[in-house]
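> Sharing a model that was predicted from the sequence below.
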Amino acid sequence: MRRAPGSLAEEVRATARRGMAERAAAAFDRAVALVERGRDAQAVEAAREAKDLAPRSGVVREVLGIALYRTGRYPEALAELLAYRRISGRLDQNHLIADCHRAAGSMQKAVEAARQAVGARIPDEHRAEAAIVGASALADAGRTLEALSLLRSFRGRPSEGRDSALRVWYVTGDLLARLGRRDEAAAEFRRIVRHDPSAFDAAERLAELS
């Protein structure tokens with residue numbers, strides 16, 4: 001939820017039931033604050049209150065979906081996140097939608113949502129997570145080459161620290177190692193180490209393959 005907090009609250013007010021604008025905005029703000037503090041069960045309750053007061057607000061459905069996802073309630077999270085996507089037209093939570101589909105065993109739906117996100121103009125970390133979730137679903141189904149293709153369709157610029165590109169490279173290297181393609185796997189771990197020698201256990205994985 002990267003948009004300005006004030007504009008989000010205004011959306012809630014604009015879609016609230018008559019006379020309920022301030023209550024809806026307050027419940028929404030409380031839900032967002034609870035999510036940010038990791039108090040997800042309480043965030044679900046606050047977001048449900050906001051939803052009762054402003055059921056047509058996309059951002060209310062988004063925060064409720066995120067809170068439900070983080071408490072492991074994937075079917076409920078999926079329903080809310082699909083509502084958010086339908087209302088807003090945004091794909092920036094498709095990585096969570098894909099993971100909910102994967103949890104339900106709907107591999108093809110997970111991959112479809114992931115591919116939509118990877119090709120969308122959304123934050124790199126969300127695109128990376130979508131690529132990882134979609135690739136994991138394909139790998140679970142034994143479609144490892146397709147998983148690699150999906151990971152390699154991600155384009156992101158590595159910066160400092162454990163960023164999105166490094167995570168994608170790590171999963172790519174892991175899949176290549178599982179396929180016995182040791183040189184290619186080593187190349188993925190090597191590029192991680194070049195950017196951040198302490199990232200994950202990439203240095204150890206590289207040593208094992210060298």
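Received, thanks.
> just so I have it, where are all the strands in this protein?
Remark: no strands are assigned in the chain by DSSP state E.
> where in it is pLDDT low?
Low-confidence segments of the chain, defined by pLDDT under 70: 1-6, 157-162.
> okay, which residue is most central for it?
residue 95 (3.6 Å; Cα atoms, centre = their mean).
> who touches that one in this structure?
Contact analysis of residue 95 by Cβ atoms under 8 Å, 6 or more residues apart in numbering lists 113, 114, 117, 126, 127, 129, 130, 133. (Glycine included, C-beta is placed from N, CA and C.)
> separation between it and residue 62?
Distance from residue 95 to residue 62, counting by Cβ to Cβ, to the nearest Å: 13 Å.
> for residue 145, same thing?
Counting by Cβ to Cβ, the gap between residue 145 and residue 62 amounts to 34 Å.
> More neighbours: which of those two?
residue 62 (25 against 12; other Cβ atoms under 10 Å).
> For the more buried one, give its distance to residue 31.
Residue 62 is 10 Å from residue 31, by Cβ to Cβ.
> now residue 42
9 Å.
> Of these two, which one has the most company?
Set side by side, residue 42 and residue 31 show more neighbours around residue 31, with 28 against 16, by other Cβ under 10 Å.
> isn't the more buried one right next to residue 40, touching?
No: in this structure, residue 31 is not within contact of residue 40 by Cβ atoms under 8 Å, at 10.0 Å.
> Spatially, what comes nearest to residue 140 if we skip its sequence neighbours?
residue 107 (6.9 Å; Cβ to Cβ, 6 or more residues apart in numbering).
> How far does stretch 50-58 stretch from one end to the other?
One end of stretch 50-58 sits 11 Å from the other (Cα to Cα, to the nearest Å).
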